[in-house]
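Trainee: got a structure for you, letters missing:
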């Protein structure tokens with residue numbers, strides 16, 4: 001089983017990606033990223049406000065968007081998590 005450097009199996013990471021790729025086009029767009037932020041925020045107990053959580057996730061998304069097209073491809077996400 002291939003795993004990322006953060007010990008997440010790549011297949012599981014792909015499943016998480018596609019859970020938020022609502023139109024199944026293999027990209028996370030701005031609308032889908034907003035859904036990801038809102039839904040993931042409720043899953044964690046933390047001291048961040050929703051605004052801080054949103055800023056953090058959006059910053060991570062910008063860093064993962066290697067070709068700067070405003071869309072996150074599954075390959076960009078896997079590449080980013082494999083390099084951590």
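Mentor: Structure received. Here the structure is a predicted model, which is why all the values come from computation and not from measurement. Residues are numbered from 1 along each chain as shown.
Trainee: what residues does the nearest residue to residue 27 once chain neighbours are set aside make contact with?
Mentor: Nearest residue to residue 27 in three dimensions, chain neighbours excluded: residue 71, at 4.1 Å (Cβ to Cβ, 6 or more residues apart in numbering). Any C-beta I mention is one placed from the backbone N, CA and C, and that applies to glycine too. Applying Cβ atoms under 8 Å, 6 or more residues apart in numbering to residue 71 gives the contacts 27-29, 65.
Trainee: over to residue 36?
Mentor: Per Cβ under 8 Å, 6+ apart, neighbours of residue 36: 20, 28, 57.
Trainee: in this protein, which spans are strands?
Mentor: Applying DSSP state E to the chain gives strands spanning 27-28, 72-73.
Trainee: adding mean neighbour count, distance to residue 43 and mean pLDDT, write the ones you listed out as TSV.
Mentor: TSV is the format used below for the strands of the chain (neighbours: other Cβ atoms under 10 Å; distance: least, Cβ to Cβ, whole Å; pLDDT from 0 to 100):
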stretch	mean neighbour count	distance to residue 43	mean pLDDT
strand 27-28	20	17	96
strand 72-73	22	19	96
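Trainee: can you say which of the ones you listed is nearest to residue 79?
Mentor: Relative to residue 79, the nearest member of those by Cβ to Cβ is strand 72-73, separated by 9.1 Å.
Trainee: got the contact list for that closest one?
Mentor: Contacts for strand 72-73 (Cβ under 8 Å, 6+ apart): 26-28, 33, 61, 64-65.
Trainee: which one (most neighbours) among the residues you listed?
Mentor: Counting neighbours by other Cβ atoms under 10 Å, residue 28 comes out on top of the contacts of strand 72-73 with 24 neighbours.
Trainee: tell me the pLDDT at residue 84?
Mentor: We note a pLDDT of 67 for residue 84 in this prediction.
Trainee: sorry, wrong one. I was asking about residue 44.
Mentor: 76.
Trainee: cool, and residue 1?
Mentor: pLDDT, read off for residue 1, is 49.
Trainee: quick one: contacts of stretch 14-31?
Mentor: 32-33, 35-36, 39, 61, 70-74, 77-78.
Trainee: picking up where we left off before, from residue 63, how far off is the residue nearest to residue 27?
Mentor: 14 Å (Cβ to Cβ, to the nearest Å).
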